[in-house]
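>>> below are the sequence and a predicted model for it; my questions follow.
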Amino acid sequence: MKRKYLLLVLASLLFGNVFAQSNSREKAAKAERIISVDLKKEKGPLNTSFKACVGAGRANEGLRADWQQQLAIARKECGFKYIRMHGLLTDDMAVYSEDNKGNPLYNYQYVDALYDYIISIGMKPFVELGFMPGALASGSKTIFWWRGNVTPPKDYDKWEGLIRNLTQHFTARYGTDEVKTWYFEVWNEPNLKDGFWTGSQADYFKLYQYSARAIKSVNPAYKVGGPATAGAAWVPEMIAFCKNNSVPIDFVSTHSYGVKQGFLDEHGWAGTVLDKNEWSVSGDVLNSRKQIQSSAIPGLELHYTEWSSSYTPADPLHDSYHEAAYILKKLKQVGTEANSMSYWTFTDIFEESGPRFTPFHGGFGLMNIEGIKKPAFFAYSFLNKLGETELANRDSSSWACKNHKGNVQVLLWDYTYTLPDSVNNQAYYIKDLPAKTKGKVKVNLSHMPAGKYTMEIYKVGYRVNDAYTGYVDMGRPGQLNLQQVKKLKEQNGAPVEIRQIEIKPGAVLSSDFDIRENDVILINLVKH
């Protein structure tokens, strides 16, 4: 009898606990999200590493008028300062050849045309030194449709001579003070032996040593670094090599992408899967910073010169509205640990697998080939609207800022992982994916200066600044006519709502906003 009674008590406690947990979860699901910000509580200057640099495919693409037009838009609206790309020394840039006696011949007319333009719009080059000019290459292995040679130099002294002469040319053309602000990065992803580098790690370190010596011989203040690896690799080894061999290094660079399986898949045929790991990409950045801090050179700058949700230019996630919230989540997690987070890339004018023909094909770009802005573009343009002073804020999925004009901004988002198990990105993100509601967000702002304000509300999400879903509505045409391009460009990031409000002395401004899965909302309060 006692045993029966004991079982009943245990059952009652168990089911009561289960019921309580279930009820608690329901209450939590229904609980309103509240962002409370006191304008008198400043965190400090806003860290802007998110817009320090952006990527592009290869140098020769930068000679195109449409590429340049898109870069000017990205510079103006997103505020990017540096741009990094492959192929500066590849044969289609005609940089290096030799006469019939084997003497080097240097030619920088294409490089000048490209860099002159970049500087003319207020940007700076993040110089990636690669790939190998054919006349200097030790082998014939190339990568991509445009045939970037990935073999070590046949003569390291001639490689050093090229890099020295190139650096001298930059100095003569743009001035020492300007070039001091640049970064020189040696090669790209040399740890991918079947991809970007046929040599060993030791061969790469030798290439780096000759390159660094060439650059520093022109001016010791010029900044050089590497190893520009895939998957956040070789960071401790790179620092140890430089320290042990008295080789100069000013910064560490590496890369990370948020998908599982492999690194090189330029066609997307293998299928990619967005990583469920809460700290994918950002965890790599935090670990790289720890590796630097625990090294023999703890003060080095850290630059992630490539990052995105996926490493293939054939991943529809790049086109999806989900990408905007993903970008913001990762940048918020990174915080101040990186000096730059260079999103790969600003445009779909990108030809690793050759020219792409369809308007939306999962390309890396913030804009598609026709210059249509994707949701990812608005993540960066909204970030660029934030004021220079960050405010204290406990909400992990938002920034609150103010500027010297008295304007206040709150950028908030929901990030929800929705990819079903056993389904890859290529099968899922091509669909029309309606977003489920996540309830409301209440934003409370205290100690607002009294007066009149215009509240501008910007948004990106499902069917809001969501060009890809608009493209799906058109039946996914293989080519867009001019009218279709114009229609998709009409979603240009303008406010979705404008309110006129007045703040009384001592009043708390409290506003509610509906939010769905993977919505991004920017509230901009402009003081009159």
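Everything's here; your move.

>>> and K243, backbone torsions?
phi -70, psi -50 (degrees, to the nearest 10).

>>> quick one: what helix or strand has the nearest residue to N245 once chain neighbours are set aside in it?
Using CB to CB, 6 or more residues apart in numbering and skipping residues adjacent in sequence, the residue nearest N245 is Q209, 6.9 Å away. (C-beta placed from N, C-alpha, C; glycine too.) Under the criterion of DSSP states H and E, Q209 resides in helix 201-218.

>>> give me the pLDDT for E26.
E26 is assigned a pLDDT of 43 by the prediction.

>>> so P248 versus L88, what's the distance?
Distance, P248 to L88, using CB to CB, to the nearest Å: 21 Å.

>>> same check, this time on V259
For V259, the distance to L88 (CB to CB) stands at 27 Å.

>>> try Q291
Taking CB to CB as the measure, Q291 falls 28 Å from L88.

>>> which of the two has more neighbours?
Taking other CB atoms under 10 Å, Q291 and L88 do not tie; L88 has more neighbours (23 against 20).

>>> that one touches A59, doesn't it?
Yes: counting by CB atoms under 8 Å, A59 is a contact partner of L88 at 4.7 Å.

>>> what sits in contact with each of those two?
The contact sets of L88 and A59 overlap at V111 (CB atoms under 8 Å, 6 or more residues apart in numbering).

>>> in terms of helix, strand or coil, where does the spatially closest residue to A494 that is not a sequence neighbour fall?
Closest residue in space to A494, ignoring its immediate chain neighbours: Y458 at 7.8 Å, by CB to CB, 6+ apart. Here Y458 is recorded as strand under DSSP: H, G, I helix; E, B strand; the rest coil.

>>> so what's Y458 bridging to?
Beta-bridge partners for Y458, by DSSP bridges, are L522.

>>> same question, T347
Applying DSSP bridges, one finds that T347 bridges with M367.

>>> state the number of residues packed around it.
Look at T347: counted by other CB under 10 Å, it has 27 neighbours.

>>> for G79, same thing?
Neighbour tally, G79, other CB under 10 Å: 19.

>>> tell me who's in contact with it.
By CB under 8 Å, 6+ apart, the residues touching G79 are 48, 51, 380, 384.

>>> wait, what's in contact with the spatially most central residue of the chain?
Central residue of the chain (CA atoms, centre = their mean): Y343, 2.0 Å from the mean position. Residues near Y343 by CB under 8 Å, 6+ apart: 54-55, 307-308, 327, 366, 376, 380.

>>> 7 Å - rerun?
Going by CB atoms under 7 Å, 6 or more residues apart in numbering, Y343 touches 54-55, 307-308.

>>> may I ask which of the residues you listed has the most neighbours?
For the contacts of Y343, neighbours were counted by other CB under 10 Å; the highest total belongs to V54, with 29 neighbours.

>>> in three-state terms, label that residue for me.
Three-state call for V54 (three-state DSSP): strand.

>>> surely it and F80 touch.
Yes: between V54 and F80 there is a contact under CB atoms under 7 Å: 4.3 Å.

>>> between the two, which contacts overlap?
Residues touching both V54 and F80 by CB under 7 Å, 6+ apart: A74.

>>> on that earlier part again, buried among the contacts of G79? Need that as a selection in ChimeraX.
Buried members of the contacts of G79, defined by 16 or more other CB atoms under 10 Å, are picked up in ChimeraX with:
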select :51,380,384
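
>>> export the contacts of G79 as TSV, with columns for distance to S396.
Below are the contacts of G79 laid out as TSV (distance: CB to CB, whole Å):
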residue	distance to S396
T48	19
K51	21
Y380	20
N384	21
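
>>> for the contacts of G79, which two are the farthest from each other?
Farthest-apart pair in the contacts of G79 is T48 and Y380; separation 11.2 Å (CB to CB).

>>> buried residues, stretch 322-330. List them.
The neighbour-count check on stretch 322-330 (16+ other CB under 10 Å) flags 322-330 as buried.
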